[in-house]
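Asker: Model the following, please.
(2 chains)
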Amino acid sequence: GGIITQTPKFLIGQEGQKLTLKCQQNFNHDTMYWYRQDSGKGLRLIYYSITENDLQKGDLSEGYDASREKKSSFSLTVTSAQKNEMAVFLCASSIQGTGQLYFGEGSKLTVL
Amino acid sequence: GQQVQQSPSSLVLQEGENAELQCNFSSTATQLQWFYQSPGGSLVSLLSNPSGTKHTGRLTSTTVTKERRSSLHISSSQTTDSGTYLCAIEGNNNNAPRFGAGTKLTVKP
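Answerer: Model (predicted):
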């Protein structure tokens, strides 16, 4: 079986700061995703990537950048952290077209 | 874009009772997946069911594609079933799954 590793698990930043979250998967999956989850709510799609060096905007991409440096890794950058960015960011991967998502444990962002 | 609505938003049961969770979506689904999210936050896939009926253990999912709805039935609920249940839909006109807001299930002993 494979695993998705998100780092860091907890990230504390200052308002206005640029912050980066990283995600690694060893499933050898083509597609990777970043979702944001606010407390007590569902997941909202920020960015996804269907192959190395590909980037597709989701429904919540404003204020974020992403980078798919290689097949196994996908990073997300909050370009200027705001107080309302306090949320859990979830990385996932899948084989394209199967709809079968596998998730990491999440990264909790707190902005002071 | 794809809109996903789940109901009820929360549900409280006594142990042993059955649960019925609903997921409605706005566009044709090519993929549909039910997830469980523990109180600690990790997400686990329960069932993939874009059409028809599927069973696994105490779980039964029925998806009626042309009516754009899916249900998840949990029989004989246990306290360990407590958590949030999310459905995710991938359609023809989008290449990434969209999620509903979830149903928070609490099973009391």
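
Asker: Pick out the residue in chain B sitting closest to chain A.
Answerer: The nearest approach of chain B to chain A comes at B:Gln31, 2.4 Å away (CB to the nearest CB). C-beta coordinates here come from the backbone N, C-alpha and C atoms, glycine included.

Asker: okay, the closest residue in space to that residue that isn't next to it in sequence: pLDDT?
Answerer: In space, and not counting its chain neighbours, B:Gln31 is closest to A:Gly99: 2.4 Å by CB to CB, 6 or more residues apart in numbering or on different chains. With respect to pLDDT, A:Gly99 scores 72.

Asker: for B:Asn94, same thing?
Answerer: pLDDT, B:Asn94: 63.

Asker: B:Gln3 too?
Answerer: For B:Gln3, the pLDDT comes out at 89.

Asker: need the contact list for the residue nearest to it when sequence neighbours are not counted.
Answerer: The spatial neighbour of B:Gln3 that comes closest, neighbours along the chain excluded (CB to CB, 6+ apart), is B:Ser26 at 4.0 Å. Counting by CB atoms under 8 Å, 6 or more residues apart in numbering or on different chains, B:Ser26 makes contact with B:Gln2, B:Gln3, B:Val4, B:Arg68.

Asker: Repeat that for A:Thr51.
Answerer: Listed by CB under 8 Å, 6+ apart, the contact set of A:Thr51 reads A:Asp30, A:Thr31, A:Arg68, A:Lys71.

Asker: Which strands border whatever helix or strand A:Glu69 lives in, and is each parallel or antiparallel?
Answerer: Element membership for A:Glu69, per DSSP states H and E: strand A:64-70. The pairing partners recorded for strand A:64-70 under DSSP bridges are strand A:73-78 (antiparallel).
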